[in-house]
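>>> this is a predicted model, with the sequence first.
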Number of protein chains: 2
Amino acid sequence: MTSPEFPAPEMSEVQLVDILRAVADPIRLEIVRVLADGEPHSKPGDEWGFDVHKSTLSHHFKALREGGLTLTFVSGRTHAIQLRRRELDEKFPGLIDALVTAGQSPAARPNSFGVRIR
Amino acid sequence: MTSPEFPAPEMSEVQLVDILRAVADPIRLEIVRVLADGEPHSKPGDEWGFDVHKSTLSHHFKALREGGLTLTFVSGRTHAIQLRRRELDEKFPGLIDALVTAGQSPAARPNSFGVRIR
DNA sequence: TTAACTGTTTGACAAGTATCAAACAATTGA
DNA sequence: TCAATTGTTTGATACTTGTCAAACAGTTAA
């Protein structure tokens, strides 16, 4: 079963600065970029490829959740994490996109038609 | 005369995380929002309306400059600060816009940090 | 030259944070 | 029931950071 989420703030209480503090870390920023599709991702430490202890990774997941960026679902003894993409896009328009897009080559960036130049 | 800028990094060396760390502070975020027009602004502490010591404000200006967000110009005994808007928009499309646009209703904002001048 | 002005730099300090390691809790499988 | 699995929590530590206060440096005015 997928049930008791870990506590996360209401989006109405989330301030822009909270979001920025949460992503102002290389590891957490990379996590957000991976989660950008808005789908749930399982979070076994191994698959992320970060060279940090599992407790450190857990600390970062907590920072993202408490910063208002993600939700955590528990399913058996595994957990899943999901970016609150819809809520974030509504309250902070363009922010997640900017975080994901930044640094990519211009050709890889979506244009106004949502289509990539080939 | 307007001349010796303080040292600022080349935009090619600026990482997204540096930018995010620089704006992940209430005072610096507000400064960036004010500077968002890309024009030079004089920086006498009084006009910003923050309730911090002048040396603290100077520290924040330095953080923005070293983070790659701003340039500082010296003119006589006054200084001016300017957001590197064009460069930032090119390298991090939509980011500054998102920071300025994001969140609170315009009415709720002018001083959402509760800080005042001393 | 001397004093006032504008802002930076340095020093000190409290608070926050990224990290590892070990202990812990819940679940699943044998 | 017992052991393995998955991830969190707690404790310790080193590092970073936001802040004030005081000293400093360059410029302008008297």
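In hand now; what should we look at?

>>> least confident secondary structure element in chain A?
Every helix and strand of chain A was ranked by mean pLDDT, DSSP states H and E. The lowest is strand A:41-42, at a mean of 91.

>>> what is the subsequent helix or strand relative to that one?
helix A:54-66 (DSSP states H and E).

>>> buried set for that next one?
A:57, A:60-61, A:63-66 (16 or more other Cβ atoms under 10 Å in any protein chain shown). In this view, the C-beta of every residue, glycine as well, is placed from N, C-alpha and C.

>>> is that helix up against chain B anywhere?
No - applying Cβ under 8 Å from any Cβ of the partner chain, one finds helix A:54-66 separated from chain B by no less than 11.9 Å.

>>> how close does the most centrally placed residue in chain A get to A:Pro7?
Chain A has A:Val32 as the residue nearest its centroid, 3.1 Å off, counting by Cα atoms, centre = their mean. Using Cβ to Cβ, to the nearest Å, we find A:Val32 at a distance of 19 Å from A:Pro7.

>>> coming back round to it: right, and the secondary structure at the residue nearest to the centre of chain A would be what?
For A:Val32, the assignment made with DSSP: H, G, I helix; E, B strand; the rest coil gives helix.

>>> can you pull the contacts of it?
Each residue near A:Val32 by Cβ atoms under 8 Å, 6 or more residues apart in numbering or on different chains is listed here: A:23, A:64, A:69, A:83, A:96, A:99-100.

>>> can you check A:Pro26 too?
By Cβ under 8 Å, 6+ apart, the residues touching A:Pro26 are B:Val17.

>>> need the per-residue pLDDT for it.
Per-residue confidence (pLDDT) for A:Pro26: 98.

>>> again with A:Leu16
98.
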